[in-house]
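Asker: Return atomic coordinates for the entry below.
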Amino acid sequence: MKTLLTTSLKPFHTFGIDVDAKQIIEAHCAEDFLSVWRDYADEPKLILGEGSNLLFCQSYDGVVVLNRLKGIDVDETATAWRLHVAGGENWHELVRWTVEQNMPGLENLALIPGLVGSAPIQNIGAYGVELNERCEYVDVLMLETGDVVRMSADECEFGYRDSVFKGRLKDKAIIVAVGLLLPKVWVPVIGYGALSELSEQSELTALDVFNKVCDIRNEKLPNPAVIGNAGSFFKNPVVSKSQADALAVQHDKMPRFAVSDDHVKLAAGWLIDQCGLKGFRVGGAAVHDKQALVLTNLENASAEDVVALAKHVVDTVESKFGVSLEHEVRFMGAHAETTLEAVCQH
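Answerer: Numbering: from 1, shown residues only. Okay, the predicted model is just below:
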């Protein structure tokens, strides 16, 4: 465990908003987390990976704990590779490493920012693949008992950008490791978006898919090291089939993806783009001019700038399409997680 001298959170989240915490501590093992929870029992506490899916709405009046758990173990069987990965490992570097080691299956999830321990919380997904399809188990530290418990993928209650860790286990459990199962029989997933171009290749490899995903994401998404952002700011909304059908009458080019017999997923970025909001600014915050799903810290934006911009986007899409956008980025208040709606009421 290491207590940092700085209290500035600006370097520890990709939006780069200039806010502070009372204290910032690095945790290098499960026992470090327990020590913090014991020593700072009365303080608000926040676990931070790379802060790639977080907007600090104000300075944090508590202790921020940086996840620094490391290690990757591989168990090879006749039919699969089983990976046990510590929660503090970088997600994209894990994906890159598995591709380099000829262990395919994660390549569609390349360049998703954040740590391995954050992946199950959001049930990250991209280009037709979601984490739950590759996840075998999640090891969690139960803060009440101090025990590390292994939860099966079913017990994690994965949903679209959702899991039990956003529900009943929120603030009660810390993900210390993730178990991934990568079958040796590789079936490329290339039916989503620009990846379909790869279908013309005769001998397709996981590296081909990995490189294509990286190219697409680098073309559309700004590098947080250059322009502060938290990736996709809004979830793709799921609406009733009847509502989608009605919208399609007026907007025949509207992207839509069936998720069940009576529900359809719409593309939030397309909806925002159709409202003419690419490049729209509030103070130092802006809708990215290449990918409308991304809100950016273009020029020393304040948290208030980003919140006001997010509200304008939500209100505009609601007015034009009758569709309510929900933010995928987590909003953090002074003491606990909050929502755009709650922040705007104050």
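
Asker: how close does C214 get to L247?
Answerer: Summarising the geometry, the distance separating C214 from L247, computed by C-beta to C-beta, to the nearest Å, is 33 Å. Just so you know, the C-beta spots here come from the backbone N, C-alpha and C atoms, and that holds for glycine as well.

Asker: Now do the contacts for the spatially closest residue to F331 that is not a sequence neighbour.
Answerer: Closest residue to F331 in three dimensions, ignoring its sequence neighbours and counting by C-beta to C-beta, 6 or more residues apart in numbering: T338, at 4.9 Å. Taking C-beta atoms under 8 Å, 6 or more residues apart in numbering as the criterion, T338 is in contact with 57, 331-332.

Asker: Where strands are concerned, which of those residues count?
Answerer: 331-332 (DSSP state E).

Asker: Which single one of the contacts of T338 is nearest to V282?
Answerer: When the contacts of T338 are compared for distance to V282, the smallest value, 14.5 Å, is given by C57; criterion: C-beta to C-beta.

Asker: Show me where the stretch 101-250 of the chain has its strands.
Answerer: 125-126, 129-130, 135-142, 148-152, 173-183, 228-232, 238-240 (DSSP state E, counting those that start in this stretch).

Asker: Most tightly packed of the ones you listed?
Answerer: A comparison of those by mean neighbour count, using mean count of other C-beta atoms under 10 Å, puts strand 228-232 on top with a mean of 24.

Asker: on that earlier part again, relative to A119, which of the strands of the stretch 101-250 of the chain is closest?
Answerer: Closest approach to A119 among the strands of the stretch 101-250 of the chain (C-beta to C-beta): strand 173-183, 6.5 Å.

Asker: Just the CA atoms of the closest one, as PDB, please.
Answerer: Written as PDB, here are the backbone C-alpha positions of strand 173-183 (Å, rounded to 0.1, in the frame of the first residue of the first chain):
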ATOM      1  CA  ALA A 173     -17.300  -6.100  -3.400                       C
ATOM      2  CA  ILE A 174     -14.000  -5.400  -5.200                       C
ATOM      3  CA  ILE A 175     -13.100  -7.400  -8.300                       C
ATOM      4  CA  VAL A 176      -9.600  -8.700  -7.800                       C
ATOM      5  CA  ALA A 177      -9.300 -11.100 -10.800                       C
ATOM      6  CA  VAL A 178     -11.200 -12.300 -13.800                       C
ATOM      7  CA  GLY A 179     -11.200 -15.800 -15.300                       C
ATOM      8  CA  LEU A 180     -11.500 -15.900 -19.100                       C
ATOM      9  CA  LEU A 181     -12.200 -18.900 -21.300                       C
ATOM     10  CA  LEU A 182     -10.800 -18.800 -24.900                       C
ATOM     11  CA  PRO A 183     -11.800 -21.800 -27.000                       C
END
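
Asker: Which strands or helices does it pack on?
Answerer: Helices and strands touching strand 173-183, as assessed by 3 or more C-beta pairs under 8 Å, 6 or more residues apart in numbering; DSSP states H and E, comprise helix 30-39, strand 80-86, helix 119-122, strand 135-142, strand 148-152.

Asker: can I get the strands of the stretch 101-250 of the chain in JSON lines with mean pLDDT?
Answerer: Formatted as JSON lines, the strands of the stretch 101-250 of the chain follow (pLDDT from 0 to 100):
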{"stretch": "strand 125-126", "mean pLDDT": "93"}
{"stretch": "strand 129-130", "mean pLDDT": "96"}
{"stretch": "strand 135-142", "mean pLDDT": "98"}
{"stretch": "strand 148-152", "mean pLDDT": "98"}
{"stretch": "strand 173-183", "mean pLDDT": "97"}
{"stretch": "strand 228-232", "mean pLDDT": "93"}
{"stretch": "strand 238-240", "mean pLDDT": "95"}
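
Asker: Including distance to P44, could those go into JSON lines?
Answerer: Rendered in JSON lines, the data for these read as follows (distance: least, C-beta to C-beta, whole Å):
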{"stretch": "strand 125-126", "distance to P44": "30"}
{"stretch": "strand 129-130", "distance to P44": "31"}
{"stretch": "strand 135-142", "distance to P44": "18"}
{"stretch": "strand 148-152", "distance to P44": "24"}
{"stretch": "strand 173-183", "distance to P44": "15"}
{"stretch": "strand 228-232", "distance to P44": "21"}
{"stretch": "strand 238-240", "distance to P44": "32"}
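
Asker: hang on, the earlier thing: can you lay out the contacts of T338 as TSV showing distance to T296?
Answerer: Rendered in TSV, the data for the contacts of T338 read as follows (distance: C-beta to C-beta, whole Å):
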residue	distance to T296
C57	17
F331	16
M332	18
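
Asker: Include distance to I174 and pLDDT when you put the contacts of T338 into TSV, please.
Answerer: As requested, those are exported to TSV (distance: C-beta to C-beta, whole Å; pLDDT from 0 to 100):
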residue	distance to I174	pLDDT
C57	23	95
F331	20	97
M332	17	96
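
Asker: Note down every partner strand of the lowest-mean-pLDDT helix or strand in the chain and its orientation.
Answerer: Using mean pLDDT, DSSP states H and E, strand 256-258 stands out as the lowest-scoring helix or strand of the chain, at a mean of 91. Strands that pair with strand 256-258, judged by DSSP bridges, come out as strand 263-266 (antiparallel).
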